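S.K.: this is the structure alone, sequence omitted:
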Ligand SMILES: Cc1cc2nc3c(=O)[nH]c(=O)nc-3n(C[C@H](O)[C@H](O)[C@H](O)COP(=O)(O)O)c2cc1C
């Protein structure tokens, strides 16, 4: 197998690993920089880089846990729900909040193209983490719309998309249950023949 085939096989083996199955260590600063470089290689019309990744680790995890717990209480989840949501913040070795900076009035690049760039960046970031031996999962939930949480993570004009939980996978991920095969996704376009 060529190095390209090996890389592709590794990519095809990427599955999300949820926070419950992530243990120490998380990626180092150097590895996080590589993952961010990979994110920056995603297609991005006009190179707007319409996103920022905000690293949550160490003592900052406690702050995020308190915000999550308050949001759970505000959503009527009670103390048990608050503890569960706090645990979601504390458990992964490292969390990266993803915020989008969409310029809705951009003269050249409509908002949907900027969102596509954000998605590509997330995907490359997670794939790079996987290639470095880490596991991760992008998560959102109703709490991204909690005003206190949104204000804590976003500058004016930014939108909180969610969080990428990162760490070392404690077990092999189960893999996808519902993804279609490539033949369902890659289809021949016959519009020209129909209208020709
Ligand atoms: C922006 C975004 C938000 C997501 N939010 C959630 C979420 O809140 N809960 C969840 O279970 N999956 C969420 N997902 C999906 C998972 O990250 C994951 O992609 C999905 O479970 C499929 O697994 P796979 O990556 O192994 O194919 C989200 C994905 C994206 C791109």
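M.R.: Cool, the structure landed. Because the structure is predicted, anything quoted here is derived from the model rather than measured. Numbering: from 1, shown residues only.
S.K.: just give me how far stretch 119-127 sits from the chain centre.
M.R.: Counting by CA atoms, centre = their mean, to the nearest Å, stretch 119-127 is centred 7 Å from the centre of its parent chain.
S.K.: stretch 8-24 now?
M.R.: 12 Å.
S.K.: buried set for it?
M.R.: Buried positions in stretch 8-24, judged by neighbour count with 16 or more other CB atoms under 10 Å: 14-19, 21-22. From N, CA and C alone the C-beta is placed, and that goes for glycine too.
S.K.: and for stretch 74-93?
M.R.: Here stretch 74-93 shows 82, 85-86, 88-89, 91-93 as buried, counting by 16+ other CB under 10 Å.
S.K.: ok, now stretch 25-37?
M.R.: So stretch 25-37, judged by 16+ other CB under 10 Å, has buried residues 26-27, 31-32, 34-36.
S.K.: hang on, the earlier thing: dump the buried residues of stretch 74-93 to JSON lines, plus secondary structure, pLDDT and distance to the ligand.
M.R.: Shown next, in JSON lines, are the buried residues of stretch 74-93 (DSSP: H, G, I helix; E, B strand; the rest coil; pLDDT from 0 to 100; distance: CB to the nearest ligand atom, whole Å):
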{"residue": "82", "secondary structure": "helix", "pLDDT": "96", "distance to the ligand": "18"}
{"residue": "85", "secondary structure": "helix", "pLDDT": "94", "distance to the ligand": "12"}
{"residue": "86", "secondary structure": "helix", "pLDDT": "96", "distance to the ligand": "17"}
{"residue": "88", "secondary structure": "helix", "pLDDT": "93", "distance to the ligand": "10"}
{"residue": "89", "secondary structure": "helix", "pLDDT": "95", "distance to the ligand": "14"}
{"residue": "91", "secondary structure": "coil", "pLDDT": "95", "distance to the ligand": "15"}
{"residue": "92", "secondary structure": "coil", "pLDDT": "96", "distance to the ligand": "13"}
{"residue": "93", "secondary structure": "coil", "pLDDT": "97", "distance to the ligand": "17"}
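S.K.: could I get the residues you listed as JSON lines with distance to residue 75?
M.R.: JSON lines is the format used below for the buried residues of stretch 74-93 (distance: CB to CB, whole Å):
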{"residue": "82", "distance to residue 75": "9"}
{"residue": "85", "distance to residue 75": "9"}
{"residue": "86", "distance to residue 75": "13"}
{"residue": "88", "distance to residue 75": "14"}
{"residue": "89", "distance to residue 75": "15"}
{"residue": "91", "distance to residue 75": "20"}
{"residue": "92", "distance to residue 75": "21"}
{"residue": "93", "distance to residue 75": "26"}
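S.K.: can you pick out the most distant pair from these?
M.R.: 82 and 93 (22.1 Å; CB to CB).
S.K.: closest to residue 61 out of the buried residues of stretch 74-93?
M.R.: Set against residue 61, the nearest of the buried residues of stretch 74-93 by CB to CB is residue 89 (5.8 Å).
S.K.: contact partners for that closest one?
M.R.: By CB atoms under 8 Å, 6 or more residues apart in numbering, the residues touching residue 89 are 56, 61, 64-65, 67-68, 95.
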